[in-house]
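> Could you look at this predicted model? Sequence included:
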Amino acid sequence: MNVLLVDDDRFVIAALQKGIAWESLGFTEVFTAGEINSAKEIINSNKIDLLLSDIDMPHGTGLDLLSFLREHGNKVPTIFLTNYADFSYAQKAIELKSFHYFLKPIDYAELTRIIKKAIKEAYDNDTSESSFYKLDTSDTESAQKALLAYVDEHFKEEISREQLSEMFFFDPDYITKIFKKETGFSYKNYVIEKRLSLAKKLLTETDYSIHDIALHVGYDNYSYFTRLFKKSFGMTPVEFRNQK
């Protein structure tokens, strides 16, 4: 079998070449490319059985590469490696039937497990493509990291467990379990904790009005924000600021 590694960072390419025991996995050739045009040339000239690609690259993204391949009927199983827990990236990867969306830094033991799974499912499902390309994130650490990172980036927005469920293919109750296990809070309380911690920082370090701070951290109801703040810290935002 042949594998193609695509990343504009030559150090990542070198690390992937050394970090995965490709021969023991059954790969006889490891091709590399630093951008998608070179990758297309390699794919046009060789049978590629597995594609590992970065997403955010100059001269075209990994998503552009996979879109090109799918448009030309190439169904190579693809694992994306990315630094960004970006829902739009993940959504597009799913639409293009990628096998997995893996967040850097790379855990080589976990990546090896995913590669083995891709090989096995490709072999087992030659006549059942839909099941091969079904995204399986329910038991993967990387998907949980993506969920947590997404919430850390978007906690000021109104996002329900049900919306997260649709984004990351987790059951809403399982999302609660993830947050309890990883943070000690329920999803709702984790968001409150993040918002109020930011509010405390802004009250201490800025002269923004308390109303503006409430809006900034995600609360358009000033009275509700004040009640939450007092419940958590034993004083109102005004009292907290005045104690400086």
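Yep, it's here. All values reported here derive from a predicted model rather than from experimental measurement.

> going forward, measure contacts and count neighbours with C-alpha atoms only.
OK.

> Out of the helices and strands in this structure, which is least certain?
Using mean pLDDT, DSSP states H and E, the weakest-scoring helix or strand in the chain turns out to be helix 129-132, at a mean of 40.

> Tell me the first helix or strand C-terminal of it.
With elements assigned by DSSP states H and E, the helix or strand that comes after helix 129-132 is helix 141-154.

> same for the next helix or strand after that next one, what does it pack against?
Moving toward the C-terminus from helix 141-154, the next helix or strand (DSSP H and E) is helix 161-168. Counting contacts by 3 or more C-alpha pairs under 8 Å, 6 or more residues apart in numbering; DSSP states H and E, helix 161-168 packs against helix 141-154, helix 172-183.

> buried residues in the last one?
The reference is to helix 172-183. 172, 175-179 (16 or more other C-alpha atoms under 10 Å).

> what does stretch 69-79 give?
So stretch 69-79, judged by 16+ other C-alpha under 10 Å, has buried residues 69, 75-79.

> okay, who's weakest in these by pLDDT?
Of all the buried residues of stretch 69-79, Lys75 carries the smallest pLDDT score, 82.

> three-state assignment of the spatially closest residue to that residue that is not a sequence neighbour?
Nearest residue to Lys75 in three dimensions, chain neighbours excluded: Leu69, at 7.3 Å (C-alpha to C-alpha, 6 or more residues apart in numbering). At Leu69 the chain is in helix, as set by DSSP: H, G, I helix; E, B strand; the rest coil.

> Leu69 and Ala109, how far apart?
28 Å (C-alpha to C-alpha, to the nearest Å).

> what's the spacing between Glu157 and Lys188?
With C-alpha to C-alpha as the criterion, Glu157 and Lys188 are 12 Å apart.

> Show me the helices in the protein, by range?
10-19, 36-45, 62-71, 87-95, 108-124, 129-132, 141-154, 161-168, 172-183, 187-205, 210-217, 222-233, 237-242 (DSSP state H).

> Mind putting the ones you listed into a markdown table with distance to Val3?
Below are those laid out as a markdown table (distance: least, C-alpha to C-alpha, whole Å):
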| stretch | distance to Val3 |
| --- | --- |
| helix 10-19 | 10 |
| helix 36-45 | 10 |
| helix 62-71 | 15 |
| helix 87-95 | 19 |
| helix 108-124 | 10 |
| helix 129-132 | 18 |
| helix 141-154 | 22 |
| helix 161-168 | 27 |
| helix 172-183 | 33 |
| helix 187-205 | 39 |
| helix 210-217 | 45 |
| helix 222-233 | 53 |
| helix 237-242 | 57 |
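
> Those: which one's closest to Phe27?
When these are compared by C-alpha to C-alpha, helix 108-124 sits nearest Phe27, at 10.4 Å.

> Show the average pLDDT along the closest one.
Per-residue scores along helix 108-124 average to 80.

> Run the chain-centre distance for that helix.
Computed by C-alpha atoms, centre = their mean, to the nearest Å, the separation of helix 108-124 from the middle of its chain amounts to 19 Å.
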